[in-house]
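Enquirer: Attaching a predicted model along with its sequence, questions to come.
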Amino acid sequence: MRSATGSMRGAAGVLALAAVLMAGLAGPLAAQPAPEAQTEQRGPVTNLPLPRYVSLKGNEGNARRGPSLSHRIDWVFRHAGMPLRVVAEFGHWRRVEDKDGAGGWVHYALLSGVRTALVTQDMLELRSRPHQDADIVARAEAGAILRLNECEPDWCRVSGGGQRGWVPKSAIWGVDAGEIRD
C-alpha cells in the first residue's frame, strides 16, 4: 500500500511539475516576485527591519552565546559607537554582528539607534561634495568610527573628530548598498 501511495504521489508530482513547466512556456515565472522580495523581514519584538544597523552605546558590551545572562560571553565589544548589525531579536536581547561577522546576543540597553560607520579604507578622503573630484576636507584612518548622516545611492555624509564630509559607501561599513538616508 505504501509503495502504491508513493507511486501515486510521484505521478501527481510529475503532473504538477509538467503544469509548472508548461506555464513557464506560456509566460515567464521570473515576472512574479519572490516571496522574500514582497515583504521586508521585521523583528518579532520591535517590528523594526531585520537586519538593521545600530551602534554600541557605551565603552564595552558583552556578546553572549544565547539571549540571557546565564549564557557564556563569547565576545566583548570595546569601542563606544561601534556600528553593529542586528540580525535577530528575542525579548530584551538582540543578536548582533560586527563587520567581520563576530558577535552574539547583546542586551538592548547596550545598543543605540544612533547610526555610525566604520572606515574600511586606509586614509579615506572626506570630500566637500558627493563627487570624486570634490575638494578633500579631511582624511580618516581605517578602523575610525564616524557618525553617519545622510546617504545618497553611492555616497554618505559622515562626521567625526570635528570634521565632516562625503565618502563613498564602498569605503565604510554600517550602511547597506541601496540605503538612502535624509
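Expert: Now that the structure is in, tell me what you want to look at. Residues are numbered from 1 along each chain as shown.

Enquirer: Which strand or helix spans residue 157?
Expert: strand 155-160 (DSSP states H and E).

Enquirer: mind checking how far that strand is from the chain centre?
Expert: The gap between where strand 155-160 is centred and where its chain is centred comes out at 18 Å by CA atoms, centre = their mean, to the nearest Å.

Enquirer: Please apply the same query to stretch 168-182.
Expert: With CA atoms, centre = their mean, you get 10 Å for stretch 168-182.

Enquirer: For residue 121, the count of nearby residues, please.
Expert: Using other CB atoms under 10 Å, residue 121 has 14 neighbouring residues. For glycine as for every other residue, the C-beta is placed from the backbone atoms N, C-alpha and C.

Enquirer: Assign it to helix, strand or coil.
Expert: In three-state terms, and counting by DSSP: H, G, I helix; E, B strand; the rest coil, residue 121 is coil.

Enquirer: how about the nearest residue to it, chain neighbours excluded?
Expert: Nearest non-adjacent residue to residue 121, counting by CB to CB, 6 or more residues apart in numbering: residue 171, 4.1 Å away.

Enquirer: Same question for residue 96.
Expert: Take residue 96 and drop its neighbours on the chain: the residue closest to it by CB to CB, 6+ apart is residue 84, 4.1 Å away.

Enquirer: domains for this protein, by residue range?
Expert: 2-29, 52-114, 117-173 (automatic domain parsing).

Enquirer: The longest one spans what distance, first to last residue?
Expert: Spelled out, it's domain 52-114. Chord length of domain 52-114, first to last residue, is 12 Å (CA to CA, to the nearest Å).

Enquirer: so how far is it from its chain's centroid?
Expert: Using CA atoms, centre = their mean, the offset of domain 52-114 from its chain centre is 14 Å.
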